[in-house]
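[1] here is my input; please provide its structure:
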Amino acid sequence: MLDSSAPIGIFDSGIGGMTVASAVTRLLPQENTIYFGDTAHLPYGDKSTAAIQAYSIKICNMLLQQNCKLILIACNSASAAAYELVREYVGSKAKVLNVIDPVVNYVKEHYEGKTIGLIGTKQTVLSNVYKKKVDALDRNIHLKSLATPLLAPMIEEGFFDNNISESVIANYLSDPSLNGIEALILGCTHYPLIKTQIRKFYGDTVETLDTSEIVARSLKAWLEQHYLINEKGEGKRQFYVSDYTLSFEQSTNIFFGRQIQLEHYPLWE
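    Numbering: from 1, shown residues only. Model prediction:
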């Protein structure tokens, strides 16, 4: 039996997943959350499936030791490579969610018979995970995908909301492979930070799907459905990283919306 006051565990290869953690805490401020960023191994986008699976299992072990009631894989690469294995490993000890399925379900409800786009890292796009899941819906939804590898490092360096990012974004979104789309999935946890610029590029012609918000709503719905919402006051937040540097801590302001203190958790030592 899961305890409603137990924390929600959220993990990512770095600090990009904090956009998801931020969306979750905005929607569910009373929930206790533990965030783990595997900064020692970032980015997961260029790692093998076997490596991502090994990292994910080790992180889940740590989150289970903290008695998490739910574990959210807040990373597209790990969601694609390790979700099934993690779910099997965790078993009934906690619920496991990923950042891909809630978005696919949203698309199913709202875009039957339509053409939609996806931007993400090379790993996410080349894995074809979104395409396979969207095709399996059998709703006549046509998915057009484009790898946009410069966006995540650009955002991490603080280049967003300026002329440089506007130019890079426009260059990618003008790619003919995205012609004719009615919605665009932001298939990387960094991208909510540039959604305003993406919306500006498209005007009202294309809906920008902010995956962090869709995932947070899905997580809330699951907790409500299983009577696991924490009703006990203001939530406690803990943030761990496998490799600490000052620049990671300074970047939390970008991704979480405010400066937070990171604790070094030497999982690999």
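
[2] can you show me the strands along this protein?
    In the chain, the segments counted as strands under DSSP state E are 8-12, 33-37, 70-73, 95-98, 115-120, 142-147, 183-187, 207-209, 237-241, 263-264.

[3] closest to Lys131 out of those strands?
    When these are compared for distance to Lys131 using C-beta to C-beta, the nearest one is strand 142-147, at 5.2 Å. Where C-beta positions appear, they are placed from N, C-alpha and C, glycine not excepted.

[4] CA atoms only: put the closest one into CSV for me.
    Provided in CSV are the C-alpha atoms of strand 142-147 (Å, rounded to 0.1, in the frame of the first residue of the first chain):
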residue,chain,number,x,y,z
HIS,A,142,0.8,12.0,-39.3
LEU,A,143,3.9,12.8,-37.3
LYS,A,144,6.7,14.8,-38.9
SER,A,145,10.0,14.8,-36.8
LEU,A,146,13.0,17.0,-36.8
ALA,A,147,16.2,16.6,-34.7
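
[5] that strand pairs with which strands?
    strand 115-120 (parallel) (DSSP bridges).

[6] quick check: the residue nearest to Gln250 when sequence neighbours are not counted vs Thr245, distance?
    Here the nearest residue to Gln250 in space, its sequence neighbours aside, is Gln259; by C-beta to C-beta, 6 or more residues apart in numbering that works out to 7.8 Å. Per C-beta to C-beta, to the nearest Å, Gln259 is found 15 Å from Thr245.

[7] on that earlier part again, mind putting the strands of the chain into CSV with mean pLDDT and distance to Ile164?
    As requested, the strands of the chain are exported to CSV (pLDDT from 0 to 100; distance: least, C-beta to C-beta, whole Å):
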stretch, mean pLDDT, distance to Ile164
strand 8-12, 97, 25
strand 33-37, 95, 25
strand 70-73, 98, 31
strand 95-98, 97, 32
strand 115-120, 97, 18
strand 142-147, 97, 19
strand 183-187, 96, 19
strand 207-209, 96, 20
strand 237-241, 94, 27
strand 263-264, 92, 32
